[in-house]
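Q: take this sequence and fold it.
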Amino acid sequence: MNSAGRSILYLSYDGLTDPLGQSQILPYLAGLSKEGYTITIISFEKPEKYISSKAKISACCEQYNLDWQPLLYHKSPPVLSTLYDVYLLRKKASQLHKQKHFSIVHCRSYITALVGMWLKKKYSIKFIFDMRGFWADERVEGGLWNQRHFVYRTVYKFFKKKEQEFLKHADAIVVLTEAAREVVLSWQAEDKVTVIPCCVDLQLFNPARITAGQRSSLRNKLGIGTHDYTVLYLGSIGTWYLWDDMVAFFRKIKAERPDAKFLVLTPDSDRIKPDKDFIVLSAAREDVPLYIAASDVSVCFIKPSFSKKGSSATKMAEVLAMGVPVVANTGWGDVEFFRMRMTNFFVINDIRESPQPTKYSTGPQDEFFYSLFALDSGIARYKQVYDALLN
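A: Predicted coordinates for the structure are as follows:
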């Protein structure tokens, strides 16, 4: 198929200058560009991050032949600012389509899907609804859209109605988990759903790149003894992450292993009370693999809810890729699916269970992990979706 027939418009309300954009958008699109697709990206950038990271992202896009068309994100007033952003996106997308004649519009989550569905109806472009998760329900269950407030109640009802329209009119649907796929199929008979979880760059998160000397040096720098047992938490704190339960888990570990330390890599250090057993810091993305390697086990507890059935934790895959075991709680994403298929993935049904540090095994991942979480596997799945629509 010639390049004119392989022109893709990718829409994201997340910015490429956001950490998420750099880990969960750019690597996939770079890989798809190598497969011969001509990709144009419209993303919404936060002003401060755009200023600091514009040059780096522009260079990356140029390297992989990605046409980046950034728009500035508007935060306030609530709702009205989002409506204005949707208007800007629709206008920009329409202008670009008249120049490039896109074959597919690939929409990341619900806000951009409003424009994607409009483009399909107006220009007969194939429409991919990349759900990510049950976004409207996440906003309610996470306490961001208070349903006692008329405006947020109205917005929620609007997006739940649109959700059904997106699912009906989309030419392809992408979800992050098998659990989400089951929910979507219970809502509609047509099976056009592909599961692509948050994948991991195995060139960066590669345990073979970390030497024993590097691990020992970092632990010594952090004040972690040679035989100290180190529990890791990686990521943000708040809304969905059960911080108090993860601290309680660590305390139980500490009761069995008095030498235990809690290493917390987070951008939210100001939300953590000082504690002599805690080592709290932030790290550049390229340094994260070494910090993971310096740990003995990682914990990832997420609030169980309907919307979290659609969640895939990037940090979980990154930790597992480094050969460090993960302990998760039940009731979200595909944790039960993973429990039966990965030897170093453990699920706690009740936080009151007594942890057993010695049972948490470490070691390289098997073929199941790579087939599901390797970045190349994710790119290949997206390629299958694109090829099916174009052919």
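
Q: what's near enough to touch residue 185?
A: The contact partners of residue 185, taken as C-beta atoms under 8 Å, 6 or more residues apart in numbering, are 191, 193. C-beta: built from backbone N, CA, C; applies to glycine.

Q: buried ones in the helix or strand where it lies?
A: Residue 185 is located in helix 178-187, with elements delineated by DSSP states H and E. For helix 178-187, the neighbour count (16 or more other C-beta atoms under 10 Å) marks 178-181, 183-184 as buried.

Q: next: stretch 278-291.
A: Buried residues in stretch 278-291, counted by 16+ other C-beta under 10 Å: 278-280, 288-291.

Q: which outside residues touch stretch 43-60?
A: The contact list for stretch 43-60 (C-beta under 8 Å, 6+ apart) reads 11-18, 21-22, 25-26, 30, 66, 68, 70-73, 85, 89.

Q: buried set for it?
A: Buried positions in stretch 43-60, judged by neighbour count with 16+ other C-beta under 10 Å: 43-46, 49-50, 53, 57, 60.

Q: now, these that are in strands?
A: Among the buried residues of stretch 43-60, the ones falling in strands (DSSP state E) are 43-45.

Q: where exactly do the strands run in the chain?
A: 7-12, 38-45, 66-68, 71-72, 104-108, 126-130, 172-175, 193-195, 230-234, 261-265, 278-281, 297-300, 326-329, 345-348.

Q: hey, what's the angle from the longest one to strand 104-108? Just curious.
A: Put plainly, it is strand 38-45. 30 degrees (axes from the mean of the first three to the mean of the last three C-alpha atoms, to 10 degrees).

Q: what are the C-alpha coordinates of strand 38-45, in PDB please?
A: The C-alpha trace of strand 38-45 is given here as PDB (Å, rounded to 0.1, in the frame of the first residue of the first chain):
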ATOM      1  CA  THR A  38       3.000   8.300   8.000                       C
ATOM      2  CA  ILE A  39       1.900   9.600  11.400                       C
ATOM      3  CA  THR A  40       0.700  13.100  12.500                       C
ATOM      4  CA  ILE A  41       0.300  13.700  16.200                       C
ATOM      5  CA  ILE A  42      -1.900  16.400  17.800                       C
ATOM      6  CA  SER A  43      -1.400  16.500  21.500                       C
ATOM      7  CA  PHE A  44      -2.200  19.000  24.300                       C
ATOM      8  CA  GLU A  45       0.900  20.300  26.100                       C
END
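
Q: contacting residues around the closest residue in space to residue 371 that isn't next to it in sequence?
A: Once flanking residues are discounted, residue 371 sits nearest to residue 377: 5.6 Å by C-beta to C-beta, 6 or more residues apart in numbering. By C-beta under 8 Å, 6+ apart, the residues touching residue 377 are 199, 370-371.

Q: among the residues you listed, which ones are buried?
A: Buried residues within the contacts of residue 377, counting neighbours by 16+ other C-beta under 10 Å: residue 199.

Q: between the contacts of residue 377, which sits nearest residue 136?
A: residue 199 (24.9 Å; C-beta to C-beta).

Q: my guess is that closest one meets residue 317, correct?
A: Yes: judged on C-beta atoms under 8 Å, residue 199 makes contact with residue 317 at a distance of 6.6 Å.

Q: give the residue spans of this protein that score low on pLDDT.
A: For the chain, the stretches flagged by pLDDT under 70 are 1-4, 354-355, 357-358, 363-364.

Q: map the structural domains onto the sequence of it.
A: Segmentation of the chain into domains, based on automatic domain parsing, reads 3-199+374-390, 207-372.

Q: apart from its neighbours in sequence, what residue is nearest residue 201?
A: Closest residue in space to residue 201, ignoring its immediate chain neighbours: residue 375 at 5.1 Å, by C-beta to C-beta, 6+ apart.

Q: got it, and residue 257?
A: residue 229 (4.3 Å).

Q: run a quick neighbour tally on residue 164.
A: 11 (other C-beta atoms under 10 Å).

Q: and it, how far is that from residue 13?
A: Distance, residue 164 to residue 13, by C-beta to C-beta, to the nearest Å: 20 Å.

Q: repeat that for residue 111.
A: According to C-beta to C-beta, residue 111 and residue 13 sit 4 Å apart.

Q: overlap in contacts, the two.
A: In contact with both residue 111 and residue 13: residue 85, using C-beta under 8 Å, 6+ apart.

Q: before we move on, the earlier item: find residues that contact each of residue 199 and residue 317.
A: If you check residue 199 and residue 317 against C-beta under 8 Å, 6+ apart, the residues they both contact are residue 373.

Q: and stretch 384-391, which residues are buried?
A: The neighbour-count check on stretch 384-391 (16+ other C-beta under 10 Å) flags 385-386, 389 as buried.

Q: now the helices: where do they sit in the stretch 51-200 of the chain?
A: 80-100, 109-123, 135-141, 150-169, 178-187 (DSSP state H, counting those that start in this stretch).

Q: got a list of what the closest residue to residue 183 other than its chain neighbours touches?
A: Leaving aside its chain neighbours, residue 183 sits nearest to residue 309 (6.1 Å; criterion: C-beta to C-beta, 6+ apart). Contacts for residue 309 (C-beta under 8 Å, 6+ apart) come out as 134, 177, 179-180, 183, 332-333.

Q: ok now do residue 103, which residues does it touch?
A: 5-8, 125-126, 389-390.

Q: out of the residues you listed, who's the most crowded?
A: residue 8 (25 neighbours).

Q: hey, what's that one bridged with?
A: On the basis of DSSP bridges, residue 8 is bridged to residue 39, residue 104.

Q: got the contact list for the residue lying closest to residue 297 once chain neighbours are set aside?
A: Here the nearest residue to residue 297 in space, its sequence neighbours aside, is residue 360; by C-beta to C-beta, 6+ apart that works out to 4.8 Å. Residue 360 makes contact with 296-297, 325, 327, 344, 346 under the criterion C-beta under 8 Å, 6+ apart.
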